[in-house]
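J.: need coordinates for the following:
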Amino acid sequence: VEQLRQAGRSVVVLAPQRQQVVDMEKNGFHSASTVANFLTKGELAERAVVIVDEAGQIGGRQMQALLRLAKERNARVVLSGDTRQHGAVEASDALLAIERHGGVKPVELQTIRRQDPALGRDNEERTHIKRYRKAVESAAAGRLTESFERLDKMGAVVECGVGEQADKLADEYLRLVEQDASAVVVSQTWTEVHRVNSRVRDALKRKGLLGANDASVQVLERLDLTNAQKRDERFYPQDSVIVFNQKVREAVPGAKGKLGGILKSGLLVDVGGRFVTVSNKMLDRISVCQSREIAIATGDRLHLKANRKLLSGGRVTNGELVAVKAVRADGGIELADGRVLDAGFREFLPGYAVTSYGSQGKTVDHVLFSDSAIKAATNAQQWYVTISRGRRGIRIFTPDKQQLRENVTRPGHRPLALELAAGLAPSRGVRLWDRLHGFLLRFGRRAADNFCRLKLSRRRRHQPIENHEHKITRMLGERPKRSRGQNRSIG
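T.: Below is the predicted model:
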């Protein structure tokens, strides 16, 4: 980046999530921004260079908008990411599509830096980290069975009954905390996350590692709903709360409301006795949450679930893991790093266990994997992301070692529309207007979009309608003729 700037090029550094931007700022990229914020502003210098980290988490629509803006400004885009990890939440894994069908030859970094044997405090630990790194290298290369077997030979895979799994995991977490090592538990489902969070916290409480007095707090747990589901009342629990993540009309970020109704054009949300209309195009700006009660004490770890500017002036980021210093009488929560979560910010959960997706991008000394034995929850992406979070080691707790060994080989990528439509003939008219679109961009993107859309709609309107008729010639009561090889009787 510095070399590009010294050469006189304007450089923009982006990442899909706010937490990733915060991490980049800590590493010296002070002007980093999220992709969504960058596209909203639409400001890009001519012949600039756009560098996108964790590009595998960008969906098709955002990627198209980013590349289109770069083309308008004659800019260069550098996409950095790993398609072997979790992809985008929204539709289409754009980086994977570019990698498979874009005709672009990627440059790969082969050296794994997180699992560094030099971190070992003695020869035994250095050898252990080296073997751990070999298992991660096998998973990165797609040799998933080999990766599993390497970890199993190290004694990292612990088979135990379902009833004792959470307790064994909590004991291991406690052992690591007492050694002053950082650790995170990765679970596959939210049910498992809640169960493990409860067991780990109970173990820490019994050991006296948390404050003696608990404060009961009502928190908001976000429901992962698609925009289509947000328009369906069946997906709203009775106690559901709608939280505004970005400004929508009079509702500011952090405002809370209740569903008032669903219109053809969007949602009606009751915010403090006033109705706010959230159009269908702005449904990404709200989250649907469910209220639940948790206990918090000094020393507890929380997993923050929203980006927000606090009343005290600080900021919090979705995905952060923070430690509690004290709970105030007014409901504010003091954090160990000096920030204060005001009483109006309640989008957080206990932070001892997270999902595999939530762990992506995090680095700890040790990762603990709680396998739920649910086949649909385990795949190659989930395995690779989970086992590669640790610097020094990993422990895997599973009720069925053989089943887990089979599950980790399942592919995790969603099929691309390009691949599903591989047998369909391309439309000549669409291809023509796609080519002309680039020429029309000189008149502005909106003008180019509207012109091409108008021409395509007129072309389809004037296409002759083909009628297809399926004729049945067999008369009622007539038996179909049997082929010679077909049996006349069964039994």
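J.: so where's the chain shaky on pLDDT?
T.: The model of the chain has pLDDT under 70 over residues 86-89, 91, 412-415, 417-445, 455-491.
J.: report how many residues lie close to Ala240.
T.: Just to correct that, residue 240 is Ser rather than Ala. Number of residues near Ser240 (other CB atoms under 10 Å) recorded here: 17. To be clear about C-beta, it is placed using only N, CA and C from the backbone, and glycine gets the same treatment.
J.: revised request: answer the last question for Arg410.
T.: 15.
J.: isn't Val288 up against Glu221?
T.: No - counting by CB atoms under 8 Å, Val288 does not reach Glu221; the two are 10.2 Å apart.
J.: looking at the two, which is more packed in?
T.: The neighbour count for Val288 versus Glu221, taken as other CB under 10 Å, is higher for Val288 (21 against 17).
J.: please, which helix or strand holds the more buried one?
T.: strand 286-296 (DSSP states H and E).
J.: and what of Leu220?
T.: strand 215-223.
J.: can you report how many residues neighbour Arg5?
T.: 11.
J.: that one: what's it in contact with?
T.: Val11 (CB atoms under 8 Å, 6 or more residues apart in numbering).
J.: wasn't it part of a helix?
T.: Yes - assessed with DSSP: H, G, I helix; E, B strand; the rest coil, Arg5 lies in a helix.
J.: that one and Ser370, how far apart?
T.: 45 Å (CB to CB, to the nearest Å).
J.: in the strand holding Val288, which residues are buried?
T.: For strand 286-296, a neighbour-count test (16 or more other CB atoms under 10 Å) marks 286-289, 294, 296 as buried.
J.: of those, which is the nearest to Lys205?
T.: Closest approach to Lys205 among the buried residues of strand 286-296 (CB to CB): Ile296, at 11.6 Å.
J.: can I assume that closest one is in contact with Ala323?
T.: No - the criterion here is CB under 8 Å, and Ile296 misses it with Ala323 at 11.1 Å.
J.: who touches both of the two?
T.: Leu302.
J.: just checking, Val200 touches Ala170?
T.: Yes - look at Val200 against Ala170 with CB under 8 Å: they come within range, at 4.8 Å.
J.: centre of the chain to stretch 350-364, how far?
T.: Between the centre of stretch 350-364 and the centre of its chain there are 11 Å (CA atoms, centre = their mean, to the nearest Å).
J.: quick one: buried residues of it?
T.: 350-362, 364.
J.: what does stretch 217-230 give?
T.: Buried, per 16+ other CB under 10 Å, within stretch 217-230: 217, 219-223, 225, 230.
J.: pretty sure Gln238 is in a strand, no?
T.: No - according to three-state DSSP, Gln238 belongs to no strand; its state is coil.
J.: for it, grab phi and psi.
T.: phi -60, psi -40 (degrees, to the nearest 10).
J.: part of a helix, is Gly257?
T.: No - read with three-state DSSP, Gly257 is strand and lies in no helix.
J.: and Asp152, helix, strand or coil?
T.: Here Asp152 is helix, with the state taken from three-state DSSP.
J.: which residue, neighbours along the chain excluded, lies closest to Leu79?
T.: Ala55 (3.9 Å; CB to CB, 6 or more residues apart in numbering).
J.: tell me the contacts of that neighbour?
T.: 16, 79-81, 94-95.
J.: could you tell me the angle between the strand holding Val288 and strand 215-223?
T.: 150 degrees (axes from the mean of the first three to the mean of the last three CA atoms, to 10 degrees).
J.: just the C-alphas of strand 286-296, formatted as PDB.
T.: In PDB, the C-alpha atoms belonging to strand 286-296 read as follows (Å, rounded to 0.1, in the frame of the first residue of the first chain):
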ATOM      1  CA  ILE A 286     -32.900  -3.300  10.500                       C
ATOM      2  CA  SER A 287     -32.500  -6.400  12.600                       C
ATOM      3  CA  VAL A 288     -35.200  -8.500  14.100                       C
ATOM      4  CA  CYS A 289     -34.200  -9.500  17.700                       C
ATOM      5  CA  GLN A 290     -35.700 -11.600  20.500                       C
ATOM      6  CA  SER A 291     -35.400 -10.600  24.100                       C
ATOM      7  CA  ARG A 292     -33.700 -13.000  26.600                       C
ATOM      8  CA  GLU A 293     -32.300 -12.600  30.100                       C
ATOM      9  CA  ILE A 294     -28.700 -13.400  31.000                       C
ATOM     10  CA  ALA A 295     -26.600 -12.900  34.200                       C
ATOM     11  CA  ILE A 296     -23.500 -10.700  34.100                       C
END
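J.: which strands or helices does it pack on?
T.: strand 215-223, strand 240-244 (3 or more CB pairs under 8 Å, 6 or more residues apart in numbering; DSSP states H and E).
J.: and the next helix-or-strand element following it, how far out from the chain middle?
T.: Sequence order places strand 301-304 as the next helix or strand after strand 286-296, per DSSP H and E. The chain centroid and the centroid of strand 301-304 are separated by 17 Å under CA atoms, centre = their mean.
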